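Colleague: compute the structure for the input listed below.
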Amino acid sequence: AVVSTQSRERRAGGWMSRVTWNPEQNALFARVMKIIDTARMARLSSVNHHNESVMRSIYTTHAGRQLRKTFAMIKWDKELTTWLHNTFFSALGVRLLAIYIDMLQYLDSAVPQLVTTLLEGHKINNPARSALASSETIQSFLRRSNSPNNHLSTVKPIRVAGNPLILIIPHYLDSDITDSK
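Modeller: This is a model prediction of the structure:
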């Protein structure tokens, strides 16, 4: 499917006025929007797949790692990261914001201090979103588990006839066992 340049630009944050942004903010925003857009495309590619929850977890982890690397490239600048966080919560659409929150959830497990810093500086300029995107609401999202096992618990295991015994045998010999003989 061919995506028009206008919708691609809108999806990638081209609808925002960047006149007051400095070059660092512009570069950071563009880089993180590219990560979010890639995660969105990956998420769309796994819709209705039998391993959708596992694939979603993999994509989210990958996007979270990329976000962490991007923040490391700017040396974890508190002003820039807080600005980006507030910009996303003020302007992103619901689907892109959900992906960003999933990435924050990964970052919370990897670098909890960064997420705490982001939430301390959390200010929403859009009054319509202030209740939806309060720090308490975000923290409740970050506390929920993103494990694919949560989705698998609703699937009943298949019974195998004859009660088979499954043995797990290592493919190598342990050196302690061979030395004691």
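Colleague: and residue 87, what element?
Modeller: helix 78-91 (DSSP states H and E).
Colleague: what's the average pLDDT for the helix or strand following that helix?
Modeller: Next in sequence after helix 78-91, counting helices and strands by DSSP H and E, comes helix 94-110. The predicted model assigns helix 94-110 a mean pLDDT of 88.
Colleague: may I see the buried residues of helix 94-110?
Modeller: The neighbour-count check on helix 94-110 (16 or more other CB atoms under 10 Å) flags 96-97, 99-108 as buried. From N, CA and C alone the C-beta is placed, and that goes for glycine too.
Colleague: what do you get for stretch 16-33?
Modeller: In stretch 16-33, counting by 16+ other CB under 10 Å, buried: 25, 28-29, 31-33.
Colleague: do the same with stretch 34-47
Modeller: Buried residues in stretch 34-47 (16+ other CB under 10 Å): 35-37, 39-40, 42-43, 46.
Colleague: what is the nearest of the residues you listed to residue 71?
Modeller: Nearest to residue 71, judged by CB to CB, of the buried residues of stretch 34-47 is residue 35 at 10.9 Å.
Colleague: residues touching that closest one, list them.
Modeller: Listed by CB atoms under 8 Å, 6 or more residues apart in numbering, the contact set of residue 35 reads 63, 66-67, 70, 103.
Colleague: for residue 104, see how far away residue 57 is.
Modeller: Using CB to CB, to the nearest Å, we find residue 57 at a distance of 15 Å from residue 104.
Colleague: among the contacts of residue 35, which one lies nearest to residue 113?
Modeller: residue 67 (15.1 Å).
Colleague: so what's the residue count around that closest one?
Modeller: By other CB atoms under 10 Å, the residues close to residue 67 number 24.
Colleague: which SSE is it in?
Modeller: helix 52-73.
Colleague: and that helix, what's buried?
Modeller: Quick answer for helix 52-73 (16+ other CB under 10 Å): 53-57, 59-64, 66-68, 70-71.
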